[in-house]
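A.B. asks: Generate coordinates for the sequence data below:
(one chain, ligands or ions: 1)
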Amino acid sequence: MGRTVLLTGGAGFIGSHTAVQMIEAGYEVVIADDLSNSERSVVERIGEITGTIPIFYECDVAHKASLEQIFREHKIDGVVHFAGFKAVGESVEKPLAYYRNNLDTTLTLLETMGEHGVHDFVFSSSATVYGMSEDVPFTEEQPTGGCTNPYGWTKYMIEQILRDAAAADPALSVVLLRYFNPIGAHESGLIGEKPNGIPNNLMPYITQVAQGIREQLSVFGNDYPTHDGTGVRDYIHVVDLADGHVAALRYAAEHKGCEVFNLGTGNGYSVLDLVEAFREVNHVDVPYEIAPRRAGDIATCYADTQKAESVLGWKASRGVEEMCRDAWNWQKNQ
Ligand code: WQD
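C.D. replies: Sure, this is the predicted structure:
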């Protein structure tokens, strides 16, 4: 019997891709998801890809009785915590909902894990915790804070909660994963990013423009101090990111304490670089206009990837062309 991992939010964009890679790495996968930002059909499609349908609980991860049932019915060896609200703009409009949901799910999960002797915890954090820093490439040792929105602050606060929990409980093993910009989709085109409503993020907006769902892309500012004036980010293929979670869970099983890792490629691409790559790879047009800057955006953000490479033995392998190809392949299936 393989080790069993609980993926909260495992029907979502990053979670579903991680479920596939975890199953292929030999884990039994249990998914708990309230489907507020995902669909039940994703679970079956994970089964189509891997040949194994994950065990699924539709529930609010902050609801203790629901978690109790999961931990009672399964011997959980480790948890990867994705469940949380993640829309930057929405977090500015609804800060209390974001603090309540993102913190409550985490605290309820940690309490339930403690009551069931489960010690390995991998957390879905974000490069947004580096705030308005311009000290690129970001290393894990750099200061965090100065977040520009409540969503970012919830990630920052949860990191602190987890550091304190690990300091208080020597049995606990916590890994914080700071994602840069996950894009793309599984090569099968069966799972991918499916934002509710108008996409906040760049790549789903590009794919919807390419498909004709949206008229044109608004490029949020071309007067940044970058090579072409548009924002530079570290885009990472979601399957590479998912593999980073497999490595992190293995690390958590072998270590105690709290460790943090950047999950990025170390390469920065501007908005126009990405648009151009997408057009070239997919031979589709992506009409755009230059629009005003978006509040809270920084000019440049990309990772120093040394620590994950040397400590986790993990390095992203897929390039921006593959990210563009797989993102488009998924969109065409919608
Ligand atoms: C990327 C670049 C925009 C949309 C955020 C969160 C992060 C993570 C990913 C949450 C920027 C530009 C975007 C558009 C544009 N997790 N852009 N037109 O802001 O780097 O990171 O999302 O989901 O925690 O902070 O990602 O994709 O929104 O923007 O010009 O329609 O694309 O200005 O330079 P971001 P993004």
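A.B. asks: Surely residue 67 is within a helix?
C.D. replies: Yes: judged by DSSP: H, G, I helix; E, B strand; the rest coil, residue 67 forms part of a helix.
A.B. asks: Torsion angles phi and psi at the residue of the stretch 201-334 of the chain found nearest the ligand?
C.D. replies: Of all residues in the stretch 201-334 of the chain, the one sitting closest to the ligand is residue 231 (2.3 Å; Cβ to the nearest ligand atom). In this view, the C-beta of every residue, glycine as well, is placed from N, C-alpha and C. Dihedral pair for residue 231: phi -60, psi 140, per degrees, to the nearest 10.
A.B. asks: and if you look at residue 92?
C.D. replies: phi -70, psi -40.
A.B. asks: Can you name the residues that contact it?
C.D. replies: Listed by Cβ atoms under 8 Å, 6 or more residues apart in numbering, the contact set of residue 92 reads 149-150.
A.B. asks: Now stretch 26-45: average pLDDT?
C.D. replies: The pLDDT scores in stretch 26-45 average 97.
A.B. asks: Just the buried positions in it, please.
C.D. replies: 27-34, 37-38, 42-43, 45 (16 or more other Cβ atoms under 10 Å).
A.B. asks: got those as CSV, with distance to the ligand and secondary structure columns?
C.D. replies: Output for the buried residues of stretch 26-45, formatted as CSV (distance: Cβ to the nearest ligand atom, whole Å; DSSP: H, G, I helix; E, B strand; the rest coil):
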residue, distance to the ligand, secondary structure
27, 25, coil
28, 28, strand
29, 23, strand
30, 24, strand
31, 20, strand
32, 20, strand
33, 17, strand
34, 18, coil
37, 11, coil
38, 14, coil
42, 17, helix
43, 22, helix
45, 21, helix
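A.B. asks: Include distance to residue 106 when you put the residues you listed into a markdown table, please.
C.D. replies: Output for the buried residues of stretch 26-45, formatted as a markdown table (distance: Cβ to Cβ, whole Å):
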| residue | distance to residue 106 |
| --- | --- |
| 27 | 22 |
| 28 | 23 |
| 29 | 20 |
| 30 | 18 |
| 31 | 17 |
| 32 | 13 |
| 33 | 15 |
| 34 | 14 |
| 37 | 17 |
| 38 | 19 |
| 42 | 22 |
| 43 | 23 |
| 45 | 27 |
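A.B. asks: of those residues, closest to residue 72?
C.D. replies: Nearest to residue 72, judged by Cβ to Cβ, of these is residue 30 at 12.1 Å.
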